[in-house]
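K.L.:
Build me a model from this:
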Amino acid sequence: MSNIKESLSEFSGEIKNQLRSELDHGTILIRWGIMAAVIGFVAGGIASLFAKCLIFVNEFRAQNPGVIYLLPVLGLVIVFLYNRLGLAKDPGTNRIISTINKGKPVPGRLAPLIFVSTVLTQLGGGSAGREGAALQIGGTIGYHFGHAMEMDWESRRILVLCGMSAAFSAVFGTPIAAVVFPMELAMTGGILYIALMPCMVASLVASLFAANMGIAPERFEVIAFPPLTPENLLKVIAFAVGGAILSVFMCEIFHLGKKVSAKWIQNPYLRVVAGGAILVAVTKIFSTTDYLGAGINLIEKSMLGEIPGYAFLVKILLTALTLGVGFKGGEIVPTLAVGAAFGGAVAEVLGVNPALGAALGMTSLFCGATDCPLATLLLSFELFGYQGAIYYLITCCISYLMSGSQSLYKNQNKIYSKYNSKWKW
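P.N.:
As a prediction, the model looks like this:
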C-alpha cells in the first residue's frame with residue numbers, strides 16, 4: 001500500500017513539475033510575443049513611412065524627369081551626412097549581421113541616416129533598392145529596444161532579427177519570407193529557431209500596419225507552367241545554373257565597386273559627384289529610365305519580354321556604381337531585377353514564357369546571391385504564387401549548391417559548408 005502511495009506521490013510530483021514547466025513556457029511565449037508585437041508596430045510603422053516616402057519620390061521623379069540632373073548634388077548631401085555623423089565607413093547591412101553574430105553595437109543614428117539617404121538616392125534615380133535599407137532600419141530599432149530593456153546579447157539579437165523581419169515585411173509585403181530571411185541571412189546553413197515565433201509576430205504586425213497604410217505588396221503574375229517533362233526539367237536546370245553563375249559574377253562586381261571607385265578617386269565628394277554624373281550620362285545614352293531606382297519597372301518589363309538581352313549587365317554595373325561611389329540603398333530588389341532581366345533573356349533563347357523565365361531567373365539569382373534557399377523559396381511563393389512551386393524548389397536547390405561561397409553579405413556566418421556536413425562555427 002505504501003508503495004502505491006509513493007508511486008502516486010511521485011506521479012503527482014511529475015505532473016506538477018510538468019505543469020509548472022508549461023506555465024513557464026507560456027510566460028516566455030507571452031513575454032516574447034508582447035515584445036515582438038511592439039517592435040513589429042514601431043519598426044513596421046517607420047518602415048511603412050519609409051516605403052511611402054520612396055513611392056512619393058519615385059512618382060515625383062517620373063513626373064519630373066529633370067530631377068535626375070540633381071543626382072550628383074544629392075550624392076554630396078549623402079556623403080556629407082555620413083561623414084558628419086561618423087559613419088563614413090559604414091558597411092551597411094553587414095553591420096547588422098555582425099550585431100547578430102558578434103554582438104557589435106549599432107549606433108541609433110544609423111536608422112534615420114539610411115532612411116534619408118535612401119530616399120535621396122531614389123529621388124535622383126540612383127540604382128539602389130530599399131529592402132536592404134529596411135533591414136538596417138529594423139535591425140537598429142530592435143537593437144536599441146533591447147538595449148533600453150537592458151537585455152543580454154542573446155536576447156537582444158532576437159530583437160534585432162524581429163526588427164529586420166518587421167521592416168522587410170512592411171516594405172516588400174512578403175510576411176512569410178520576412179520571418180525566415182533575417183535568420184537565414186545571419187547564419188547560412190543554420191537557423192536560430194528560438195527567434196521563429198517572435199519574428200513571426202513582428203512580421204505579421206508590421207504587415208498589417210503596412211496594409212492599413214495603403215502599401216500594396218509586390219506581386220508578379222506567372223500563369224504559364226508547362227508540364228515538368230525531361231526537356232523542361234533541363235530548361236529549369238539551365239536557369240538555375242545560369243543564375244548561380246551570374247550571382248557569383250554580380251556579387252564580385254558589387255564588392256569591387258567600392259574598392260575600384262575609392263582607388264580611382266580617393267576624395268569621397270569628388271567620387272560621388274563623378275559617379276552621379278556617369279549614372280545621368282548612361283541614362284541619357286540608353287534613352288530609358290528602366291535602370292533607375294530599385295528596378296521594379298525592369299522586373300515588370302522582363303516578365304512581358306520587353307527588355308533587351310543585355311539589360312541585366314547594365315543593371316549590375318549601375319547598381320555597383322551607385323553603391324560603390326557613396327549613394328545608399330539596398331541590393332535586394334536590384335538583385336531581383338537583374339535576375340528577371342537575365343531570366344527574360346534566357347527564356348527567349350530557350351523558348352520559355354518570359355514571365356516564367358523572369359521568375360526562375362529571380363529565384364535563382366536571389367538564392368545564389370544571398371545563400372538563403374528557404375527564404376528564397378518562400379519569397380517566390382509570395383511573389384509568384386504557389387502554382388509553380390516545384391519549379392522554384394528545383395531552382396533554389398541547384399542554385400544554392402552551384403553558387404559557391406560568394407555572397408552579397410560578407411559578414412554572414414557560414415555554419416555549415418554547402419558541400420559536406422562539417423560544422424564551421
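
K.L.:
where exactly do the strands run in the stretch 51-200 of the chain?
P.N.:
Ranges of strands within the stretch 51-200 of the chain are 187-188, based on DSSP state E, counting those that start in this stretch.

K.L.:
what are the ranges of the helices in it?
P.N.:
71-84, 93-102, 110-124, 131-148, 153-172, 175-186, 196-212 (DSSP state H, counting those that start in this stretch).

K.L.:
Which residues belonging to the fourth one are considered buried?
P.N.:
Pointing back at helix 131-148 there. By 16 or more other CB atoms under 10 Å, the buried positions in helix 131-148 come out as 131-146. (C-beta placed from N, C-alpha, C; glycine too.)

K.L.:
again, but for the first one
P.N.:
Within helix 71-84, the residues that count as buried by 16+ other CB under 10 Å are Leu71, Pro72, Leu74, Gly75, Leu76, Ile78, Val79, Leu81, Tyr82.

K.L.:
Please apply the same query to the longest one.
P.N.:
Under the neighbour-count criterion of 16+ other CB under 10 Å, helix 153-172 has 156-172 buried.

K.L.:
Taking helix 196-212 as reference, get the angle to it.
P.N.:
Angle, helix 153-172 to helix 196-212, by axes from the mean of the first three to the mean of the last three CA atoms, to 10 degrees: 30 degrees.

K.L.:
Report the inter-axis angle for helix 153-172 versus helix 110-124.
P.N.:
Using the same axes, to 10 degrees: helix 153-172 against helix 110-124 is 20 degrees.

K.L.:
Tabulate the CA atom coordinates of helix 153-172 in PDB.
P.N.:
The C-alpha trace of helix 153-172 is given here as PDB (Å, rounded to 0.1, in the frame of the first residue of the first chain):
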ATOM      1  CA  TRP A 153      23.200  39.900 -26.000                       C
ATOM      2  CA  GLU A 154      21.500  36.500 -26.600                       C
ATOM      3  CA  SER A 155      18.100  38.100 -26.100                       C
ATOM      4  CA  ARG A 156      19.000  41.300 -27.900                       C
ATOM      5  CA  ARG A 157      20.000  39.500 -31.100                       C
ATOM      6  CA  ILE A 158      16.500  38.000 -31.300                       C
ATOM      7  CA  LEU A 159      15.000  41.600 -31.100                       C
ATOM      8  CA  VAL A 160      17.400  42.600 -33.900                       C
ATOM      9  CA  LEU A 161      16.000  39.800 -36.000                       C
ATOM     10  CA  CYS A 162      12.400  40.800 -35.100                       C
ATOM     11  CA  GLY A 163      13.100  44.400 -36.300                       C
ATOM     12  CA  MET A 164      14.600  43.100 -39.600                       C
ATOM     13  CA  SER A 165      11.600  40.800 -40.200                       C
ATOM     14  CA  ALA A 166       9.100  43.700 -39.400                       C
ATOM     15  CA  ALA A 167      10.800  46.200 -41.700                       C
ATOM     16  CA  PHE A 168      11.200  43.800 -44.600                       C
ATOM     17  CA  SER A 169       7.600  42.600 -44.300                       C
ATOM     18  CA  ALA A 170       6.300  46.200 -44.200                       C
ATOM     19  CA  VAL A 171       8.300  47.400 -47.200                       C
ATOM     20  CA  PHE A 172       8.100  44.400 -49.500                       C
END
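
K.L.:
tell me the average confidence for it?
P.N.:
Regarding helix 153-172, the rounded mean pLDDT is 91.

K.L.:
Show me how far that helix is from its chain's centre.
P.N.:
Offset of helix 153-172 from its chain centre (CA atoms, centre = their mean, to the nearest Å): 12 Å.

K.L.:
One more: the shortest one?
P.N.:
Taking CA atoms, centre = their mean, one finds helix 93-102 lying 14 Å from the centre of the chain it belongs to.

K.L.:
Measure how buried the closest residue to Ser247 other than its chain neighbours is and give me the count.
P.N.:
Computed as CB to CB, 6 or more residues apart in numbering, the closest residue to Ser247 that is not its neighbour in sequence is Gly368, at 3.1 Å. For Gly368, the neighbour count with other CB atoms under 10 Å is 36.

K.L.:
Isn't Gly368 up against Ala244?
P.N.:
Yes - in this structure, Gly368 is within contact of Ala244 by CB atoms under 8 Å, at 4.3 Å.

K.L.:
hey, what's in contact with both of those two?
P.N.:
Shared contacts of Gly368 and Ala244, defined by CB atoms under 8 Å, 6 or more residues apart in numbering, are found at Ser399, Tyr400, Met402, Ser403.

K.L.:
can you count the residues close to the nearest residue to the third one once chain neighbours are set aside?
P.N.:
Put plainly, it is Met402. Of all residues not flanking Met402 in the chain, Ala244 sits nearest, at 3.6 Å (CB to CB, 6+ apart). If you count neighbours by other CB under 10 Å, Ala244 ends up with 23.

K.L.:
ok, back up a step: report the contact partners of the residue nearest to Ser247.
P.N.:
Contacts for Gly368 (CB under 8 Å, 6+ apart) come out as Gly243, Ala244, Leu246, Ser247, Val248, Ser399, Tyr400, Met402, Ser403.

K.L.:
Surely Ala47 touches Gln136?
P.N.:
No - between Ala47 and Gln136 there is no contact under CB under 8 Å: 10.6 Å.

K.L.:
Quick one: the shared contacts of Gly368 and Ala244 as CSV, columns for secondary structure, distance to Ala337 and pLDDT too.
P.N.:
Shown next, in CSV, are the shared contacts of Gly368 and Ala244 (DSSP: H, G, I helix; E, B strand; the rest coil; distance: CB to CB, whole Å; pLDDT from 0 to 100):
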residue, secondary structure, distance to Ala337, pLDDT
Ser399, helix, 17, 95
Tyr400, helix, 21, 93
Met402, helix, 21, 92
Ser403, coil, 18, 89
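
K.L.:
give me the low-pLDDT residue ranges for the stretch 301-425 of the chain?
P.N.:
Scanning the stretch 301-425 of the chain for pLDDT under 70 picks out the ranges 420-425.

K.L.:
Show me where it has its strands.
P.N.:
For the stretch 301-425 of the chain, applying DSSP E, counting those that start in this stretch gives strands covering 413-414.

K.L.:
tell me the contacts of Thr370?
P.N.:
Residues in contact with Thr370 (CB under 8 Å, 6+ apart) are Leu185, Thr335, Thr376, Ser407, Leu408, Tyr409.

K.L.:
How about Ile316?
P.N.:
Phe249, Met250, Ile253, Phe254, Val338.

K.L.:
Quick check: the residue nearest to Met402 vs Ala43, distance?
P.N.:
Applying CB to CB, to the nearest Å, the value for Ala244 to Ala43 is 32 Å.
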